[in-house]
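J.: sequence-free structure coming up:
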């Protein structure tokens, strides 16, 4: 739990991902499981690029779909509140060299035009609202200190539903649920997603620094050894995933610590 209203992840490729929520950003394994339920309903919806309404008769019905015991109801309710009014934003900055004369219209008459190349930085941003509305019943009685959750519904935004439909990841939910580590869940989803786009005879090498940057980034002023520790933890998670959850995964882990190579694997 970051206990923050904003979570930012920056990458060296110029892309920043930002998660915002008025109270607390969604977090942990239950936040990820609830997000997977949202995305699944969005992908399965017959209406494309339109809001998707998910309805349940009780919290117990949702927990059954999520394959979780009733005791986890409070955790899931907390994550639903975190997702309420939460947004997912991205910012991309691309720098490229172009001939200066292409931008002559930006200069005033008499101003000296650049003779050679100029640096052009293009910034693109976008914001996606997870839900457009959440409605739920709370039932209070004299025998219980905590209310029971009755009927409730979640309306996913059209933009979020469209994003899910365009970038679906075919994970095995039961396996995804059983992976206890939140980072392990992220790595598993990433491995499945990357495998879904690989060609049989074209393996992909992913360098060590990009792996650390994506899953366990290190602050700029952190001890250099931290990156080594984080990379080791990520590799341990990958080995556990291959052993326990995805034995069909074809992957080569460089002995010199340079990174990993992904090969096309059975889905």
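T.: Cool, the structure landed. Keep in mind that this is a model prediction, so the values were computed, not measured.

J.: ramachandran coordinates for residue 123?
T.: phi -110, psi 130 (degrees, to the nearest 10).

J.: cool, and the one 10 residues further on?
T.: Phi and psi for residue 133, reported as degrees, to the nearest 10, are phi -170, psi 150.

J.: just the helices from this structure, written as ranges.
T.: Using DSSP state H, the helices found in the chain span residues 28-44, 59-65, 73-83, 158-166, 173-178, 182-197, 208-215, 224-240.

J.: got the angle for the first one vs helix 182-197?
T.: Meaning helix 28-44. 30 degrees (axes from the mean of the first three to the mean of the last three C-alpha atoms, to 10 degrees).

J.: and the average pLDDT for helix 28-44 is what?
T.: Mean pLDDT, helix 28-44: 96.

J.: distance from the chain centre to it, please.
T.: Offset of helix 28-44 from its chain centre (C-alpha atoms, centre = their mean, to the nearest Å): 10 Å.

J.: mind listing what's buried along that helix?
T.: For helix 28-44, burial by neighbour count (16 or more other C-beta atoms under 10 Å) applies to 29-43. Every C-beta, even on glycine, is put in place using the N, C-alpha and C of the backbone.

J.: roughly how far does the nearest residue in space to residue 182 that is not next to it in sequence sit from residue 37?
T.: Computed as C-beta to C-beta, 6 or more residues apart in numbering, the closest residue to residue 182 that is not its neighbour in sequence is residue 29, at 5.1 Å. Applying C-beta to C-beta, to the nearest Å, the value for residue 29 to residue 37 is 13 Å.

J.: just the closest of the buried residues of helix 28-44 to residue 265, please.
T.: Taking C-beta to C-beta as the measure, residue 265 lies nearest residue 36 of those, at 20.8 Å.

J.: contacting residues around residue 1?
T.: 24, 27-28 (C-beta atoms under 8 Å, 6 or more residues apart in numbering).

J.: swap the cut-off to 10 Å and go again
T.: Going by C-beta atoms under 10 Å, 6 or more residues apart in numbering, residue 1 touches 24-28, 31, 78, 82.

J.: repeat for residue 172
T.: Neighbours of residue 172 in contact, by C-beta under 10 Å, 6+ apart: 178, 188, 192, 245-246, 267.

J.: now do residue 135
T.: Residues in contact with residue 135 (C-beta under 10 Å, 6+ apart) are 55, 151-155.

J.: what does residue 155 give?
T.: Contacts for residue 155 were tallied using C-beta under 10 Å, 6+ apart; they are 51-55, 131-135, 161.

J.: hmm, which of these are the buried ones?
T.: Applying 16+ other C-beta under 10 Å to the contacts of residue 155 flags 51-52, 54, 131-132, 134, 161 as buried.
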